[in-house]
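Novice: no FASTA, just this:
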């Protein structure tokens, strides 16, 4: 039986290319993301390589969706070798004083609470018999406050600490957990940032310039750089935070 990795936010960007890197490297992949044609096409690509891989449509803002999806995983797999918590959203891009509470709540649910919910529901597949590697996708926003990104900054800072807590608790259960900052990557999130109202986001011109000057990194290249760390980091590295630009 092949080692199985769960990747969230798998329909596009880093998640999609990492799922393909994993399956082409001999792993089975559970690719989880909101329902879309992109997810369906990924499923076709994964199945061509590995019949044990699958895609699952799941909206991480919905606890009922998470429960249904995790039950489906529990019914079809006996263990997980790793989880990559890649899914994330960045809206609302607004000052704290103008952000709607519902938008804050949605972002925290997807970027942080959903991570805990998924992991806890699947904990029985992480039984300690073999090393299970958990990777969370971090951001520079977890360390530095960025105007109009308050919800995102808070969620990523929380996710970094969540990772460290899992690393601490998982030491005796053969579970390691690391976080990785991928840099400024050419993904749909960058499109959302450039689409934000410049009046709400002081750094808007900088992100437009990143795109126009070709400074955004190709997500396929980031996935290639992540593969070894995601699948081979050891217990001595558990709890650490990495930056793709240093790999």
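Specialist: Perfect, thanks for sending it. In this text, all values refer to a predicted model and were calculated from it rather than measured experimentally.
Novice: and residue 133, what does it touch?
Specialist: In this structure, residue 133 makes contact with 81, 82, 83, 176, 177, 178, 230, 231, 233, judged by Cβ atoms under 8 Å, 6 or more residues apart in numbering. In short, each C-beta sits where N, CA and C put it, glycine included.
Novice: So which of those residues are in helices?
Specialist: Within the contacts of residue 133, membership in helices is found for 230, 231, as judged by DSSP state H.
Novice: what's around the nearest residue to residue 137 once chain neighbours are set aside, how many residues?
Specialist: By the measure of Cβ to Cβ, 6 or more residues apart in numbering, the closest residue to residue 137 outside its immediate chain neighbours is residue 86, 4.8 Å from it. A total of 25 residues lie near residue 86 under the criterion other Cβ atoms under 10 Å.
Novice: Can you pull the phi/psi pair for residue 86?
Specialist: Listed backbone geometry of residue 86 is phi -110, psi -20, with angles given as degrees, to the nearest 10.
Novice: can I assume it is in contact with residue 17?
Specialist: No. Using Cβ atoms under 8 Å, residue 86 is not in contact with residue 17; the gap is 10.4 Å.
Novice: how close does the residue located most distally from the centre of the chain sit to residue 65?
Specialist: Ranking residues of the chain by C-alpha distance from their mean position (Cα atoms, centre = their mean) puts residue 199 at the top, at 29.2 Å. From residue 199 across to residue 65, the span is 34 Å (Cβ to Cβ, to the nearest Å).
Novice: cool, residue 214 as well?
Specialist: Counting by Cβ to Cβ - residue 214 and residue 65 are separated by 37 Å.
Novice: Could you check which of these two has the larger neighbour count?
Specialist: In this comparison of residue 214 against residue 65, neighbours counted by other Cβ under 10 Å, the higher total goes to residue 65 at 18 against 8.
Novice: Pick out the residue nearest the middle of the chain.
Specialist: Note on the chain: the residue nearest the mean C-alpha position is residue 86, at 0.7 Å, using Cα atoms, centre = their mean.
Novice: which ones are touching that residue?
Specialist: Residue 86 sits in contact with 7, 8, 9, 10, 14, 15, 18, 137, where contact means Cβ under 8 Å, 6+ apart.
Novice: If we use 7 Å, what do you get?
Specialist: 7, 8, 9, 14, 15, 137 (Cβ atoms under 7 Å, 6 or more residues apart in numbering).
Novice: So for the closest residue to the third one other than its chain neighbours, what's the pLDDT?
Specialist: Just to be clear, that refers to residue 9. Across the structure, with Cβ to Cβ, 6+ apart as the measure, the residue nearest residue 9 apart from its sequence neighbours is residue 87 (3.1 Å). On the pLDDT scale, residue 87 is placed at 98.
Novice: Mind telling me what element residue 87 is part of?
Specialist: Using DSSP states H and E, residue 87 is not contained in any helix or strand.
Novice: so how far is residue 188 from it?
Specialist: Separation of residue 87 from residue 188 (Cβ to Cβ) stands at 12 Å.
Novice: Give me the more crowded residue out of these two.
Specialist: Under the neighbour definition other Cβ under 10 Å, residue 87 and residue 188 were set side by side, and residue 87 has more, 24 against 15.
Novice: What are the buried residues along stretch 166-178?
Specialist: For stretch 166-178, the buried set under the neighbour-count rule, 16 or more other Cβ atoms under 10 Å, comprises 166, 167, 170, 175, 176, 177, 178.
Novice: Put together TSV for those residues, with distance to residue 30 on each row.
Specialist: Listed next are the buried residues of stretch 166-178 as TSV, based on distance: Cβ to Cβ, whole Å:
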residue	distance to residue 30
166	19
167	22
170	20
175	17
176	19
177	18
178	20
